[in-house]
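Undergrad: Next comes the sequence, and after it the predicted model I'd like to discuss.
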Amino acid sequence: MRTLLSRTLLAGSLLMLAATAHAVTEVNTATQSELESIRGLGVTRVEQILAEREHNGAYTDAADLARRIPGLGRKSVRQLQENGLSINGQTAAPSLRD
């Protein structure tokens, strides 16, 4: 009985952790530290994203982000979205098929 209760509590805790693991971060409004919290984005890439956003305005969609940031391809953008990056309100990348 104790083992079942322990396993149930552990499973519940893991589900709660998984649910909060990927908070959505909007690329068009996020600060540097918020963007750096996305798995797969380092300091240099975040600085590129912020500089490009400042210079040329908001990103319209995943393809726009991939096009405007050198070295950031479609697969990388899709992975970033899966890790919690939102681009103009879009958290999935249905138009980025390889």
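TA: Noted; the coordinates are in hand. Numbering: from 1, shown residues only.
Undergrad: I'd guessed Val77 sits against Ala62; true?
TA: Yes. Counting by Cβ atoms under 8 Å, Val77 does reach Ala62; the two are 4.8 Å apart. Backbone N, C-alpha and C define where each C-beta goes, glycine included.
Undergrad: How about Asn28: what's its closest non-neighbour residue?
TA: Distances taken as Cβ to Cβ, 6 or more residues apart in numbering place Ala58 nearest to Asn28, at 4.3 Å, with adjacent residues excluded.
Undergrad: Tell me the secondary structure at the one you found.
TA: coil (DSSP: H, G, I helix; E, B strand; the rest coil).
Undergrad: What about it, how many residues nearby?
TA: 12 (other Cβ atoms under 10 Å).
Undergrad: now do the one 5 residues further on
TA: Neighbourhood size, Ala63 [other Cβ under 10 Å]: 15.
Undergrad: Which elements pack onto the helix or strand containing it?
TA: Per DSSP states H and E, Ala63 falls inside helix 62-68. Helix 62-68 is packed against helix 43-56, helix 74-82, with contacts defined by 3 or more Cβ pairs under 8 Å, 6 or more residues apart in numbering; DSSP states H and E.
Undergrad: can those helices go into a markdown table with extra columns for distance to Ala92 and mean pLDDT?
TA: Formatted as a markdown table, those follow (distance: least, Cβ to Cβ, whole Å; pLDDT from 0 to 100):
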| stretch | distance to Ala92 | mean pLDDT |
| --- | --- | --- |
| helix 43-56 | 19 | 98 |
| helix 74-82 | 6 | 95 |
